[in-house]
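In: what follows is a predicted structure for the sequence shown.
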Amino acid sequence: NNLSYSAFAKWFIENENNELRLQREYRNFDLQSPALKSIRIALSKTFELLAFGQYKIISKEIKREGTSKLITSLVLLNTETQKEEDINNKSDGEKAIISLIADIAYNLSLAKDFTKDDDFLKSPGIVMIDEIETHLHPKWQRTVVNNLIRTFPNCQFIATTHSPQIIPSLEPERIQLIFD
């Protein structure tokens, strides 16, 4: 997850900077990159499903402690309170969910043809996830698969798990046992 999260963060920051340049050039601050818009929508939907509240993801320059150096980081902005929180301050489970959704959204946005349809959340795809329960609180283990299905309804998810929390949360037709 760290490598894919790092790649996503770099991609997001670069594309948000390009989006801001276009907005400034065209003097239209409602202009949005279709890929960024879709990723923002996927993450916002996930934050709601996890009962985080109303959040959006933004990039921001943050002063690193003990130095005058600024680093660009991804920040969660609570749209109700305007409070910001660096994603790096989230728990491992929260970062795992954010990273997982962002990684799926990032890869779907790379493959999506936005000239035909802007709603990439409905794009078909096959997503394989090994040990989907890693770093997740048992409560989130019980909801993670259904949240993924609600966020990406036309994706097929193939996931492995050792968790007794995940299997009972699924309909029997969604479970396939594989024996050695």
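Out: Cool, the structure landed. Residues are numbered from 1 along each chain as shown.

In: hang on, Asn107 in a helix?
Out: Yes - membership of Asn107 in a helix is supported by DSSP: H, G, I helix; E, B strand; the rest coil.

In: how about it: what's its closest non-neighbour residue?
Out: Counting by CB to CB, 6 or more residues apart in numbering, Asn107 lies nearest to Gly125, which is 7.7 Å off, once chain neighbours are set aside. Just so you know, the C-beta spots here come from the backbone N, C-alpha and C atoms, and that holds for glycine as well.

In: do Pro153 as well
Out: Closest to Pro153 by CB to CB, 6+ apart is Lys122, at 6.4 Å.

In: count of neighbours near that neighbour?
Out: 12 (other CB atoms under 10 Å).

In: and the pLDDT at it?
Out: You'll see Lys122 listed with a pLDDT of 83.

In: Ala9 is in contact with Tyr106, correct?
Out: No - here Tyr106 does not reach Ala9: they are 9.9 Å apart, not a contact under CB atoms under 8 Å.

In: joint contacts of the two?
Out: Shared contacts of Tyr106 and Ala9 (CB atoms under 8 Å, 6 or more residues apart in numbering): none.

In: contacts for whichever helix in the chain runs longest next, please.
Out: Criterion DSSP state H: the longest helix present in the chain is helix 2-26. The contact list for helix 2-26, computed with CB under 8 Å, 6+ apart, reads 29, 31-33, 35-36, 39, 57-59, 72-74, 95, 98-99, 102-103, 106.

In: you'd agree the residue nearest to Pro153 is up against Asn154?
Out: Yes - using CB under 8 Å, Lys122 is in contact with Asn154, at 5.4 Å.

In: what residues of stretch 89-108 count as buried?
Out: 90, 93-106, 108 (16 or more other CB atoms under 10 Å).

In: what lies in contact with it?
Out: Residues contacting stretch 89-108 (CB under 8 Å, 6+ apart): 1-2, 4-5, 7-8, 11-12, 38-39, 42-43, 46, 50, 76, 87-88, 120, 123, 125, 127, 129, 134-137, 140, 144, 148, 151-152, 155.
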